[in-house]
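1. predicted model and sequence below, questions to follow.
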Amino acid sequence: MTTEFPDFPYQLGDEPTNDWTVEHVLQWWMLRAKDETENRYNDIVGKIEAEFEQGVQELWKCHNQVKNDMGAIAEEEPVVEDEDNENTNPQMETTMAAKSLMAGAGAGTKSNKL
């Protein structure tokens with residue numbers, strides 16, 4: 001007996017015999033198809049979940065690698081305090097000053113603007 005067909009007198013594992021009605025055979029066939037579809041669905045969902053978990057692990061691995069790389073870069077670049085007691089990066093200040101000078105030098109021409 002199943003929830004889809006409460007009057008179905010046989011089990012899904014049974015094979016049809018000559019005493020089964022056409023209705024019973026069709027119900028049995030439909031139940032087998034539903035069972036096979038659910039099994040395929042569960043296999044696909046399991047594979048997708050495994051792939052997702054693998055992706056999550058890979059993402060965290062990349063995240064940690066970037067975090068470690070950023071920490072190594074921060075250790076290599078000196079951080080000094082300016083007059084306002086703010087931490088600054090001298091390399092960034094130099095880059096910004098250079099861009100400012102380049103923009104100021106080309107103020108009279110349109111082709112040199114940044």
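-> Received the coordinates, thanks.

2. show me where this structure has helices.
-> 22-76, 90-105 (DSSP state H).

3. ok, of the ones you listed, where does mean pLDDT dip lowest?
-> Ranked by mean pLDDT, the helices of the chain end with helix 90-105 in last place, scoring a mean of 61.

4. circling back: which one of the helices of the chain lies closest to D7?
-> helix 22-76 (8.6 Å; Cβ to Cβ). Bear in mind the C-beta positions are built from the backbone N, C-alpha and C, glycine included.

5. check the gap between K67 and Y10 for me.
-> 60 Å (Cβ to Cβ, to the nearest Å).

6. same check on V25?
-> 10 Å.

7. cool, and N68?
-> Plainly put, N68 is 62 Å away from Y10 if you go by Cβ to Cβ.

8. the more surrounded of these two?
-> When N68 is set against Y10 and neighbours are counted by other Cβ atoms under 10 Å, the residue ahead is Y10, at 18 against 10.

9. so what's that one up against?
-> Contacts for Y10 (Cβ atoms under 8 Å, 6 or more residues apart in numbering) come out as W20, H24, W28.

10. right, I'll leave it there.
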